[in-house]
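> Give the three-dimensional model of this entry:
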Amino acid sequence: MNNKKTALITGASSGIGKELAGIHAAKGGDIILVARRGDKLEDIKSDLQKSYGTDITIISKDLSVVGAAQELYDEVQARGLKVDYLMNNAGFGLLGKFYELPLQRQVEMINLNMTALTELTHLFLPEMLKQNSGKILNTSSTASLMPGPLQAVYYATKSYVTFFSNALAQELHDTDITVTNLMPGATESEFGAASGMDKTPLFKKPVSAKSVAQDGYDAMMRGDLDVISGLTFGQKIMLAMIPFTPKNILLKSVRKMQEV
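Take a look at the predicted model:
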């Protein structure tokens, strides 16, 4: 493997995205770090350059804003950077009843979790096709496998990510480009606190963001279709039972896991 591959990582200021950056840098790869918080990215850049001496580019961008994905792509092009690995990791959730949560915030979630991911994939894929080389890692969630009462929009956006990723992987089956769908369970990151999920039974035993990132990165390198990471034994059993569970019972069970 050529370790000088450049990875563009969104949501890179914390959690899984930050850990993906560390893993790629440790392998000698260059990185384009993307997140809203430029100050946090500067700290990560400094740490990674000291530790590994790789080239780190920072682009501060709020991808929940309409048009931001195109702006990010244009900036990457203007800097003459080539993206070998695209890691669409940025995303957020909101806990509460759909009709009580602010509409604008939920629209921003759709923009970030679905629209920006789709746009970035569409923008960077043509160059990968031209080279017949590239890897895409989309961070979805085990939430994508079921409806999510009290996180109705979040679960729906992650379902989109999983199905989109899988379909695109099949469309690219006759190329050397792979699309891997990472489905974490409850993970130690700012996501839990930001969404309010950290106070729910679902987040009683979260796994480390580093272990999830490692699972995702390794699966991407292998070209795997899906990787599920960070589930307790009980959660694995529950996932396996989804196809055999009456939907009303499943919905009640998911709601209870998410009640504070």
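
> got a pLDDT number for V260?
pLDDT, V260: 71.

> Over to V254?
In this model, V254 is scored at 90, pLDDT.

> How far away from the center of its chain is the helix or strand containing it?
In this assignment (DSSP states H and E), V254 forms part of helix 247-257. Chain-centre distance of helix 247-257: 25 Å, with Cα atoms, centre = their mean, to the nearest Å.

> List the buried residues of that helix.
Neighbour-count burial for helix 247-257, counted by 16 or more other Cβ atoms under 10 Å, picks out L250, S253, V254, M257. In short, each C-beta sits where N, CA and C put it, glycine included.

> got it, and stretch 164-183?
So for stretch 164-183, counting by 16+ other Cβ under 10 Å, buried means 164-166, 168-169, 172, 177-183.

> Just the CA trace of it, in PDB.
Taking Å, rounded to 0.1, in the frame of the first residue of the first chain, the C-alpha atoms of stretch 164-183 are listed here in PDB:
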ATOM      1  CA  PHE A 164     -26.800   4.600  -0.300                       C
ATOM      2  CA  SER A 165     -23.400   3.200   0.600                       C
ATOM      3  CA  ASN A 166     -24.400  -0.400  -0.200                       C
ATOM      4  CA  ALA A 167     -26.000   0.500  -3.500                       C
ATOM      5  CA  LEU A 168     -23.000   2.700  -4.600                       C
ATOM      6  CA  ALA A 169     -20.600  -0.200  -3.700                       C
ATOM      7  CA  GLN A 170     -22.500  -2.500  -6.100                       C
ATOM      8  CA  GLU A 171     -22.500   0.100  -8.800                       C
ATOM      9  CA  LEU A 172     -18.700   0.300  -8.500                       C
ATOM     10  CA  HIS A 173     -18.200  -3.500  -8.300                       C
ATOM     11  CA  ASP A 174     -16.300  -3.600 -11.600                       C
ATOM     12  CA  THR A 175     -13.900  -0.900 -10.500                       C
ATOM     13  CA  ASP A 176     -11.000  -0.700  -8.000                       C
ATOM     14  CA  ILE A 177     -13.000   1.800  -5.900                       C
ATOM     15  CA  THR A 178     -14.700   0.500  -2.700                       C
ATOM     16  CA  VAL A 179     -17.400   1.900  -0.500                       C
ATOM     17  CA  THR A 180     -17.500   0.800   3.100                       C
ATOM     18  CA  ASN A 181     -20.400   1.500   5.500                       C
ATOM     19  CA  LEU A 182     -19.400   1.800   9.200                       C
ATOM     20  CA  MET A 183     -22.200   1.100  11.700                       C
END
